[in-house]
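Chemist: Fold the following for me, if possible:
(one chain, ligands or ions: 1)
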Amino acid sequence: MFDFQITAQSGRARTATFVTPRGTVQTPMFMPVGTQGTVKGISPQELTDIGSQIVLANTYHLLLRPGPELVAAHGGLPGFTAYPGPFLTDSGGFQVMSLGHMRRITEEGVTFKSHLDGSSVYLSPERSVEVQQALGADIIMAFDECPPYPAEREYIQASLERTVRWLERCLTFKSREDQALFSIVQGGVHADLRQQSLDATLPFATPGFAIGGLAVGEGKTEMYEAVDYTAARLPSGKPRYLMGVGHPEDLVAGIALGVDMFDCVYPTRTGRFGYALTDDGRVNMNSSAPRSDLGPIDPECDCYACRHYTRAYLAHLIRAEEMLAPRMLSLHNLRYLHRLVERARAAIREDRYAEWAICWAERYFKGKN
Ligand SMILES: O=c1[nH]cnc2c(CCNCC3CCCCC3)c3[nH]c(NCc4cccs4)nc3cc12
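Modeler: Numbering: from 1, shown residues only. Below is the predicted model:
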């Protein structure tokens, strides 16, 4: 279980298979985000049809509503959502730390106010693992602190040291053997603090490792220096998950640095806002140009929207505020990212990833100023 086998390499980019209790998945992969147990507006059948593999669910939201007990009564997330999985749940910590809920962080854990009814909610390493075990995901995440950006060096250092102590508490409490707990490397954008987090985290030898603390506003150069430094020092025989990333160019760059797994709300959120992802950049379907365009969003895309609808029709739906519009744009954007990583995997197998990535980027950024 949780066997990770590299099948091809091209530079630092690699393809691999990863065995989870609910299926063997292919990496590199993009993981759609289903915050409240659903990828907004997309059915499980549609998710499967477009090539989705692991779907994310959010411990913070599901803890508050409907509660882990109800999900457990369905045998876990697959029974509850009718998506067969595999699932990954986050620890719940990120929402609490970063989205500014009135909250108190102590060594013991975090107390915060529910955004639903203002009630006081408590999360700790033990409680987070308990909830994630009840939700029944295949991969669960250690309860960590993602420091805000910017943050003082001293804060980042103290925070990463506490995240390591919390990791130990998660692993001590964990009782299910059929779930992989991924640890999370922190350290902000400081190489020496990244090294300190690596030195303290690697000995726990978890089935996978996440690169945390990034994509929180630090800027691309600093983010990629930290990803480069960290990914190169994580074990090659285990999956590397870059949390909260990201845009198409971030996946292409992250894969080049040896990252295997990505998650981001961007494709579905930007789709709901009327933006469509293509190899020529992002298309604003709210603008006037698409209204008379009888071509598909993307002639090279095989998704339902690109196979059945013109840009004109979708632009009409957006202006008419029809619910099919956000559904179809989200579906297309997810398919775009799944196709992007499928093409990346093919380029890696042909040992020409660098050439493919440069060619993709030249076209993608040609449209942009
Ligand atoms: O160190 C981290 N520890 C834990 N989680 C992190 C996350 C959340 C990843 N997506 C969770 C999903 C679980 C299912 C529901 C949706 C989230 C991050 N997201 C970002 N950037 C994107 C950002 C998103 C919002 C502000 S920055 N950096 C992140 C860093 C960490």
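Chemist: so which residue of the protein comes closest to the ligand?
Modeler: At 2.1 Å from the ligand, Gly244 is the closest residue in the chain, using Cβ to the nearest ligand atom. To be clear about C-beta, it is placed using only N, CA and C from the backbone, and glycine gets the same treatment.
Chemist: Let me know the distance separating that residue from Leu70.
Modeler: Using Cβ to Cβ, to the nearest Å, Gly244 is found at 28 Å from Leu70.
Chemist: for Thr38, same thing?
Modeler: Counting by Cβ to Cβ, the gap between Thr38 and Leu70 amounts to 15 Å.
Chemist: Compare those two (neighbour count), which wins?
Modeler: A count of neighbours by other Cβ atoms under 10 Å puts Thr38 above the other of Thr38 and Leu70, at 17 against 12.
Chemist: Now that one. Its backbone dihedrals?
Modeler: The phi/psi pair for Thr38 (degrees, to the nearest 10) reads phi -150, psi 140.
Chemist: Need the nearest residue in space to it, chain neighbours excluded.
Modeler: The spatial neighbour of Thr38 that comes closest, neighbours along the chain excluded (Cβ to Cβ, 6 or more residues apart in numbering), is Thr81 at 6.4 Å.
Chemist: Name the residues linked to the most centrally placed residue in the chain by a beta bridge.
Modeler: Geometric centre of the chain, nearest residue: Asp263, 1.3 Å, by Cα atoms, centre = their mean. For Asp263, the beta-bridge partners are Met31 (DSSP bridges).
Chemist: Hmm, it is touching Met243, no?
Modeler: Yes - the criterion here is Cβ atoms under 8 Å, and Asp263 meets it with Met243 at 6.6 Å.
Chemist: which bits of the protein sit near the ligand?
Modeler: 33, 35, 56, 58, 90, 94, 98, 144, 146, 184, 212-216, 243-244, 263, 265 (Cβ under 6 Å from any ligand atom).
Chemist: Would you enumerate the residues in contact with the residue lying closest to Asn333 once chain neighbours are set aside?
Modeler: Leaving out its chain neighbours, the residue that sits closest to Asn333 by Cβ to Cβ, 6+ apart is Pro267, at 3.8 Å. Pro267 sits next to Phe30, Pro32, Leu277, Ser330, Asn333, Leu334, Tyr336, Leu337 when contact means Cβ atoms under 8 Å, 6 or more residues apart in numbering.
Chemist: Please convert the residues you listed to a markdown table, extending it with neighbour count, secondary structure and pLDDT.
Modeler: A markdown table is the format used below for these (neighbours: other Cβ atoms under 10 Å; DSSP: H, G, I helix; E, B strand; the rest coil; pLDDT from 0 to 100):
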| residue | neighbour count | secondary structure | pLDDT |
| --- | --- | --- | --- |
| Phe30 | 28 | strand | 98 |
| Pro32 | 25 | coil | 98 |
| Leu277 | 27 | strand | 98 |
| Ser330 | 24 | helix | 98 |
| Asn333 | 28 | helix | 98 |
| Leu334 | 25 | helix | 98 |
| Tyr336 | 25 | helix | 98 |
| Leu337 | 26 | helix | 98 |
